[in-house]
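J.: Predicted coordinates and the sequence they were generated for:
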Amino acid sequence: MQQYNLSNNTLNLKVKKSPFLVRVVMFSLAFSFFIFPVVGAIFSVALGSGLHIGFFIGIGIFSLIGFYTLRVSLWNTYGEENIQFLENKIIYEANYGWFKDGMKEISISNPKFYALAEGYEEDKKGTLVITSDEAEIETVVKMPMTQVGELVLILETLKK
């Protein structure tokens, strides 16, 4: 499966989906962090114990953990990076499927592209790095090194 698509000066890098069972567990865990504290507070009030400040603190903390877990789950399911190459700048955006990360606009002249090995050596995975004198962008999507090498060659020819 090819994890990149380059068209009209826009590069789209897609995350390889994690196994189905892992995604089910992660989404269940994420939604549990949201639901269980609220249900616990409702039962406490219904049983006559009242509402305490600790419930709000617990709901807040578990909501943050739930949001982070949901974000990781979405990234492992729908994650993609969009990089748009313009005249003297690059626009980078991470897409989580249900929401998008902030768009980053980076001024870059004469970009250089190379592959960076990531993870275990026997996995033969890597990421794309775009660099110049002013800035550097390192993608998060891990792809087979052969695909990253192909992409670097394509981007180098596109630059000229």
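T.: It's in.
J.: Please count neighbours and contacts with C-alpha atoms only from this point.
T.: Fine.
J.: can you map out the helices along this protein?
T.: 20-46, 53-78, 145-159 (DSSP state H).
J.: now the ones you listed as TSV including distance to residue 124, mean pLDDT and mean neighbour count?
T.: Formatted as TSV, the helices of the chain follow (distance: least, CA to CA, whole Å; pLDDT from 0 to 100; neighbours: other CA atoms under 10 Å):
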stretch	distance to residue 124	mean pLDDT	mean neighbour count
helix 20-46	22	91	15
helix 53-78	19	91	17
helix 145-159	6	83	16
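J.: closest to residue 91 out of these?
T.: helix 145-159 (15.3 Å; CA to CA).
J.: And that closest one, what does it pack against?
T.: Applying 3 or more CA pairs under 8 Å, 6 or more residues apart in numbering; DSSP states H and E, we find helix 145-159 packed against strand 112-118, strand 125-131.
J.: now it, how far from the centre of its chain.
T.: 22 Å (CA atoms, centre = their mean, to the nearest Å).
J.: swap in stretch 23-33?
T.: The answer for stretch 23-33 is 17 Å, by CA atoms, centre = their mean.
J.: Can you tell me what sits against that stretch?
T.: For stretch 23-33, the surrounding residues in contact (CA atoms under 8 Å, 6 or more residues apart in numbering) are 62, 63, 65, 66, 67, 68, 69, 70, 73, 76, 77.
J.: could you redo those residues as TSV and give each row distance to residue 37?
T.: What follows is these, written out as TSV (distance: CA to CA, whole Å):
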residue	distance to residue 37
62	7
63	9
65	12
66	11
67	14
68	16
69	15
70	16
73	20
76	25
77	26
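J.: if we take the residues you listed, which one ends up nearest to residue 92?
T.: Closest to residue 92, out of all of the contacts of stretch 23-33 and judged by CA to CA, is residue 76, at 18.8 Å.
J.: which ones are touching that closest one?
T.: Per CA under 8 Å, 6+ apart, neighbours of residue 76: 15, 16, 17, 18, 23.
J.: Which member of the residues you listed is positioned nearest residue 53?
T.: Using CA to CA, these come closest to residue 53 at residue 23, 33.6 Å.
J.: any idea how far the closest one lies from residue 63?
T.: The spacing between residue 23 and residue 63, counted by CA to CA, to the nearest Å, is 19 Å.
J.: Export the contacts of residue 76 as JSON lines, with columns for distance to residue 39.
T.: Formatted as JSON lines, the contacts of residue 76 follow (distance: CA to CA, whole Å):
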{"residue": "15", "distance to residue 39": "34"}
{"residue": "16", "distance to residue 39": "35"}
{"residue": "17", "distance to residue 39": "32"}
{"residue": "18", "distance to residue 39": "30"}
{"residue": "23", "distance to residue 39": "24"}
